[in-house]
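*Asks:* Can you look at this prediction? I've put the sequence above it.
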Amino acid sequence: MSDDPFEPPIPTAAEQHAAEHHPADQHPAAEHGGRGRAHTAVRHGRQRRSGLRMVFPAIGGVLAMALVLTGGYAAWSYAQLDDSLTKVHVALPHASSSPGADADGEAQNILLVGDDHRPADATPQELADLGTQLDGGATNTDSMIVLHIPAGGGSATMISFPRDSWVQIPGHGTFKLNSAFSDGAANGGGDAGGMRLLIQTIENMSGLTIDHFVRVSLLGFYQLVKALGPVDVCLNEAVHDTNSNVDLPAGKSTLNASQALSFVRQRDGLPRGDLDREVRQQYFLSQEARKALSADTLLNPVKVSNLLHGVGDSIQIDDGLSIPSLVNTFRSIDLSAIRSTAIPTSGTPTIDGYSTVAVDFAAMPAFIQSIVGAPAAYTSAHAASPASVRVSVQNGGSTPGGATAASSALTAKGFVVGAPSDTTTTSATVIQYPKGQEAQAKAVAAVVPGATAVLSTTVSGVTLVLGTDGHTVATTAPSGTGTGAATGTGTGATTTNPKPAAPSKPAPASPSAKPVGNAYGDQGTCIN
């Protein structure tokens, strides 16, 4: 007997009946070759910007939890699903091979990608249901979410990367993030080349290391929603958008698969356009995950079979990812409590005629650290004495002269301070430090409440960067100035200064005590 803990059991009569109605070998071959085989082919159709920007990237999580919680039946079914998925061999281009380069260590990061390419075997009826045609769609990846799963379990987080983010694409200059896949796939690169370049771009942006990926097509989204059945959503206000064909009232609505497509692709008419569409997608993923994990789904063998078989033909995963490993990963987290957030941005400028999203790269390290936690070297460091710390201040905030004022305050506290300067506007106040200067950074963090100390490869010494959040060096009133507690009343009141407080040790850095992002999985949650 195999030592595989997921070895398929002997199916019951009911299970055999379900399997006969959904045999794996009757599924058409996956888009670019046989099921379960690595490939590098890529579709080349007209890059029609149809507006159908679909995604269901949480499919890996939904399937994994379904397999865990349905017991023997799911264990028997997973082998068929694993065989039906298209597996792509990608040498994952980690940002650096040097020790400690991975910002989150042993945590898992799964890149979830959605695009509007159409599998070649889509039927005319399916294309009609999608409101599209068999033109190959586009290979631009219009939904990109990193699912971060902490080492040892805990609260998982979905991090959205806006498709219009204006970023450096290695070897291709600066352009929208959603073009990275197409650039890598061109000239014979295929799906493997496209995914590698997309992963490299996202790793360079975030400092995260991508461990696996899941890519789902437009049809895959539709098939999954159709297999799960109608899903409930709730809107704060009524919406009507002819471009996406959304027509929903305020409050609760029950959507079928076609309506779900319209719901997640709408951007026109939303207050923040594409950024609010990301909220739609995260909300829908959370609601659908909650539905997939309900007893109505998990205890229904036929529905589980429909779910598993309905998606395999339209899904790509890396060849290092398997359903059993995904099951083990998701056993340690609560999918219904997944948090949803997006990378920091600073506006939506038009560049060379393109509508773009400006990424706040200066705020990115602090944002990522709020999710993954501080490096162990920083957490374990003891703050150095101010006199041994040289620090410079840069003003990326909105207060003129902020760097000069902060430099003076640091000097008064005994720090050795360099010349102040201005820098690009950023939202978050951070303390950048090079490797080996954790103790010095911790000393500065102790006197700048609200700032986040972040490891940086671009600075040679500790640098305080002031942001628009308003955090700066704390000032303490001199002793005897009447800042203590007042006692008595009227003109006879006197002021008593409290005893000087003992110096406090900075608390070890850790993920934010307040969970990052929003939990859209709660039943009854409404959005725009």
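*Replies:* Sure thing, it's come through. In this text, all values refer to a predicted model and were calculated from it rather than measured experimentally.
*Asks:* what's the spacing between the closest residue to residue 91 other than its chain neighbours and residue 169?
*Replies:* Spatial nearest neighbour of residue 91, chain neighbours left out: residue 196 (6.8 Å); criterion: Cβ to Cβ, 6 or more residues apart in numbering. Using the backbone N, CA and C atoms, a C-beta is placed for each residue, glycine as well. Residue 196 sits 12 Å away from residue 169, going by Cβ to Cβ, to the nearest Å.
*Asks:* what sits against residue 279?
*Replies:* 340, 527-528 (Cβ atoms under 8 Å, 6 or more residues apart in numbering).
*Asks:* so where's the stretch 201-350 of the chain uncertain?
*Replies:* Within the stretch 201-350 of the chain, the segments meeting pLDDT under 70 span 289-313, 323-324, 327-328, 330-331, 335-336.
*Asks:* picking that back up, looking at residue 196 and residue 169 now, which is surrounded by more residues?
*Replies:* residue 196 (23 against 20; other Cβ atoms under 10 Å).
*Asks:* Residue 329 belongs to a helix, doesn't it?
*Replies:* Yes: under DSSP: H, G, I helix; E, B strand; the rest coil, residue 329 falls within a helix.
*Asks:* buried ones in stretch 164-171?
*Replies:* Using 16 or more other Cβ atoms under 10 Å as the test for burial, stretch 164-171 gives 164-167, 169.
*Asks:* for stretch 397-417, same thing?
*Replies:* Quick answer for stretch 397-417 (16+ other Cβ under 10 Å): 397, 402-403, 405-407, 409-410, 413, 415, 417.
*Asks:* Inside helices: which ones of those residues?
*Replies:* 402-403, 405-407, 409-410 (DSSP state H).
*Asks:* For residue 422, state which of those residues is nearest.
*Replies:* Of all those, residue 422 sits closest to residue 403, with 6.7 Å by Cβ to Cβ.
*Asks:* what's the first-to-last distance across stretch 351-370?
*Replies:* By Cα to Cα, to the nearest Å, the extent of stretch 351-370 from end to end equals 30 Å.
*Asks:* For that stretch, buried residues please.
*Replies:* For stretch 351-370, the neighbour count (16+ other Cβ under 10 Å) marks 356-370 as buried.
*Asks:* Over to stretch 441-459?
*Replies:* For stretch 441-459, burial by neighbour count (16+ other Cβ under 10 Å) applies to 441-448, 451-456, 459.
*Asks:* and it, average pLDDT?
*Replies:* For stretch 441-459, mean pLDDT rounds to 96.
*Asks:* Is the closest residue to residue 252 other than its chain neighbours in a helix, a strand, or coil?
*Replies:* Closest residue to residue 252 apart from its sequence neighbours, by Cβ to Cβ, 6+ apart: residue 234 at 4.9 Å. Assigned with three-state DSSP, residue 234 falls in the strand class.
*Asks:* who touches residue 234 in this structure?
*Replies:* So residue 234 contacts 251-253, 524-527 (Cβ under 8 Å, 6+ apart).
*Asks:* One more pass at 7 Å, please.
*Replies:* 251-252, 524-526 (Cβ atoms under 7 Å, 6 or more residues apart in numbering).
*Asks:* Out of those, name the ones that lie in strands.
*Replies:* The strands, defined by DSSP state E, take in 251-252 from those.
*Asks:* List just the nearest of the contacts of residue 234 to residue 183.
*Replies:* Checking the contacts of residue 234 against residue 183 with Cβ to Cβ, the nearest one is residue 525 at 37.2 Å.
*Asks:* isn't residue 255 right next to residue 263, touching?
*Replies:* Yes: contact between residue 255 and residue 263 holds when scored by Cβ atoms under 7 Å: they sit 5.9 Å apart.
*Asks:* hey, what's in contact with both of the two?
*Replies:* Common neighbours of residue 255 and residue 263, counting by Cβ under 7 Å, 6+ apart, are residue 233.
*Asks:* between the two, which one's more packed in?
*Replies:* Shown here are residue 255 and residue 263; by other Cβ under 10 Å, residue 263 has more neighbours (24 against 20).
*Asks:* Run through the neighbouring helices and strands of the helix or strand where the more buried one lies.
*Replies:* Using DSSP states H and E, residue 263 falls within helix 257-265. Helix 257-265 sits against helix 218-228, helix 274-292, with contacts defined as 3 or more Cβ pairs under 7 Å, 6 or more residues apart in numbering; DSSP states H and E.
*Asks:* Figure out which of the ones you listed is closest to residue 317.
*Replies:* When the helices and strands packed on helix 257-265 are ranked by proximity to residue 317 (Cβ to Cβ), helix 218-228 comes first, at 11.7 Å.
*Asks:* what's the angle between that closest one and helix 274-292?
*Replies:* Following axes from the mean of the first three to the mean of the last three Cα atoms, to 10 degrees, one obtains 40 degrees for the angle between helix 218-228 and helix 274-292.
*Asks:* Spatially, and excluding backbone neighbours, which residue is closest to residue 288.
*Replies:* For residue 288, the spatially nearest residue (Cβ to Cβ, 6+ apart) is residue 231, at 5.6 Å.
*Asks:* ok, now residue 206?
*Replies:* Leaving aside its chain neighbours, residue 206 sits nearest to residue 368 (5.7 Å; criterion: Cβ to Cβ, 6+ apart).
*Asks:* quick one: that neighbour and residue 205 touch, right?
*Replies:* No: applying Cβ under 7 Å, one finds residue 368 not in contact with residue 205, separated by 9.7 Å.
*Asks:* ok, which stretches of the stretch 401-528 of the chain are strands?
*Replies:* With DSSP state E, counting those that start in this stretch as the criterion, the stretch 401-528 of the chain has strands at 416-417, 421-422, 430-433, 452-455, 462-466, 485-487, 494-496.
*Asks:* Send me stretch 257-266 as PDB with only the CA atoms.
*Replies:* Provided in PDB are the C-alpha atoms of stretch 257-266 (Å, rounded to 0.1, in the frame of the first residue of the first chain):
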ATOM      1  CA  ALA A 257     -23.000  32.500 -13.100                       C
ATOM      2  CA  SER A 258     -23.600  35.100 -15.800                       C
ATOM      3  CA  GLN A 259     -24.600  37.700 -13.400                       C
ATOM      4  CA  ALA A 260     -21.500  36.900 -11.300                       C
ATOM      5  CA  LEU A 261     -19.300  37.600 -14.300                       C
ATOM      6  CA  SER A 262     -20.900  41.000 -14.700                       C
ATOM      7  CA  PHE A 263     -20.600  41.700 -11.000                       C
ATOM      8  CA  VAL A 264     -16.800  41.100 -10.800                       C
ATOM      9  CA  ARG A 265     -16.000  42.900 -14.100                       C
ATOM     10  CA  GLN A 266     -17.700  46.200 -13.400                       C
END
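*Asks:* Over to residue 151. Which of the three states is it?
*Replies:* coil.
*Asks:* correct me, but it touches residue 329?
*Replies:* No: Residue 151 is beyond contact range of residue 329, at 10.5 Å (criterion: Cβ under 7 Å).
*Asks:* Who has more neighbours out of those two?
*Replies:* Taking neighbours as other Cβ under 10 Å, residue 151 and residue 329 compare with residue 329 leading, 21 against 13.
*Asks:* returning to that earlier point: just say helix, strand or coil for the residue nearest to residue 91.
*Replies:* helix.
*Asks:* any idea how far it lies from residue 318?
*Replies:* For residue 196, the distance to residue 318 - Cβ to Cβ - is 10 Å.
*Asks:* between those two, what contacts are shared?
*Replies:* Counting by Cβ under 7 Å, 6+ apart, the contacts common to residue 196 and residue 318 are residue 90.
*Asks:* Now do stretch 362-370, average pLDDT.
*Replies:* Mean predicted lDDT for stretch 362-370 stands at 93.
*Asks:* Need the residues that contact that stretch.
*Replies:* The contact list for stretch 362-370 (Cβ under 7 Å, 6+ apart) reads 103, 205-208, 343-344, 396, 424, 426-428, 430, 452, 454, 456, 465, 467, 511-512, 516.
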